[in-house]
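>>> fold the following.
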Amino acid sequence: MKTQIIEENALEEAGEIIRNGGLAAFPTETVYGLGANAFDEEAVKKIFAAKGRPSDNPLIVHIADKNDIARLAHDISDDARRLIEAFMPGPFTIILKKNDIIPKAVSAGLDTVGIRFPSNKTAQSFIRIAGVPVAAPSANLSGKPSPTSAKHVIADMDGRIDAIINGGECSVGVESTIVDASGDVPVLLRPGGVTIDEIREVVPKTRIDSHVLMSVCEGEQPRCPGMKYKHYAPNAEVIVVEGEKEPVQKRIKELLSENCKKTTGVLTMYGSVYDSAVMIDAGASNKEYALRLFKALREFDELGVEVVFAEFCERDGYGLAVKNRLYKSAGYNIIHV
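Below is the predicted model:
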């Protein structure tokens, strides 16, 4: 299969691909998504094949009109309506009881569906032109860092999908926040570009699921993307060193000495300098860290780094989102200092 690169001024071609049962990657404010017609079960199955994604990992349905929510879901509570009004469009996904129009392949057999209205204008135009809701996970090979540019999608998906819309760099850098509003109390399942503090300003009783910082057990059904399987991992081994500046720097220097025969890298949020390692700056805030994280992990692979030590300290509302991705990329190999 030859993958076509489509520019933002030629979205009709991408819309036609979706209507005809094909796959097109598209930019959002969070990461690039790999889209198919959400109503076409056979097209949706192609997403799982292209990514190598387990079939019990549900997808998110992307829309460009809030009125579509009532078509896709039912039993929408007052809490859910408040969340929709506050955070859509934006880097936010809401899980609701699904209508029968949603195929089982999209929901992984669950009775719920995740719905997202991206704020990215190219994504909105693409979905409107397609004329159908678009089911989409991130447009990377399963388990790899999510793509935040068309370049990353090409690296993983060239020859596997029909088209990639080149929409430049993503502005958030980590996937959408996911809140399950299908029950009596909203539950944060995945942190992202909307923080738990912002959510609780709208619905104070919202709680955080215990799996945000740990994986779902083997044999357990994940309730949203990113809960069960290995995610966001580069080829390099990642070790998170978490704590304040001086003890983190001291421990990483010790680790670099212990790994002196390997090509090492450090992802730094303290602006540290380690002479023996490949250095990439993660930014001074967790918001900057979120934006740069996946790109940095891919760059370490391009540079042949074997072991990455990631400095981390939870400093602001984005800290939970960064921690969630970092812990998973490291396979929960974390050193607290």
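
>>> from here on, contacts and neighbour counts on C-alpha atoms
Noted.

>>> residues near the closest residue to G168 other than its chain neighbours, how many?
Among residues not flanking G168 along the chain, S149 sits closest, at 5.8 Å (CA to CA, 6 or more residues apart in numbering). For S149, the count of nearby residues is 21 (other CA atoms under 10 Å).

>>> strands of the stretch 101-250 of the chain, start to end?
For the stretch 101-250 of the chain, the strands defined by DSSP state E, counting those that start in this stretch cover 112-116, 134-136, 163-166, 177-180, 187-190, 207-208, 237-242.

>>> helices or strands next to the last one in the packing?
What that stands for is strand 237-242. If you count contacts as 3 or more CA pairs under 8 Å, 6 or more residues apart in numbering; DSSP states H and E, strand 237-242 packs onto helix 245-258, strand 307-312, helix 319-329, strand 334-336.

>>> dump those to a markdown table, plus distance to L34.
Below are the helices and strands packed on strand 237-242 laid out as a markdown table (distance: least, CA to CA, whole Å):
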| stretch | distance to L34 |
| --- | --- |
| helix 245-258 | 37 |
| strand 307-312 | 28 |
| helix 319-329 | 19 |
| strand 334-336 | 31 |
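
>>> to K205, which of the ones you listed lies closest?
Among those, helix 319-329 comes nearest to K205, with 18.1 Å by CA to CA.

>>> quick check: D156 vs E12, distance?
Going from D156 to E12 by CA to CA, to the nearest Å gives 24 Å.

>>> typo on my end, K121
The value you get for K121 to E12, if CA to CA is used, is 15 Å.

>>> likewise for N57?
To E12, N57 is 30 Å away according to CA to CA.

>>> so G15 sits against I129, correct?
Yes. Between G15 and I129 there is a contact at 5.4 Å, judged by CA atoms under 8 Å.

>>> ok, the two, which is more surrounded?
Using other CA under 10 Å as the criterion, G15 and I129 rank with G15 on top: 23 against 18.

>>> the nearest residue to that one once chain neighbours are set aside - how many residues pack around it?
Setting aside the residues directly before and after it, G15 is nearest to A130 in space (CA to CA, 6+ apart), at 3.9 Å. Per other CA under 10 Å, the neighbour tally for A130 reads 22.
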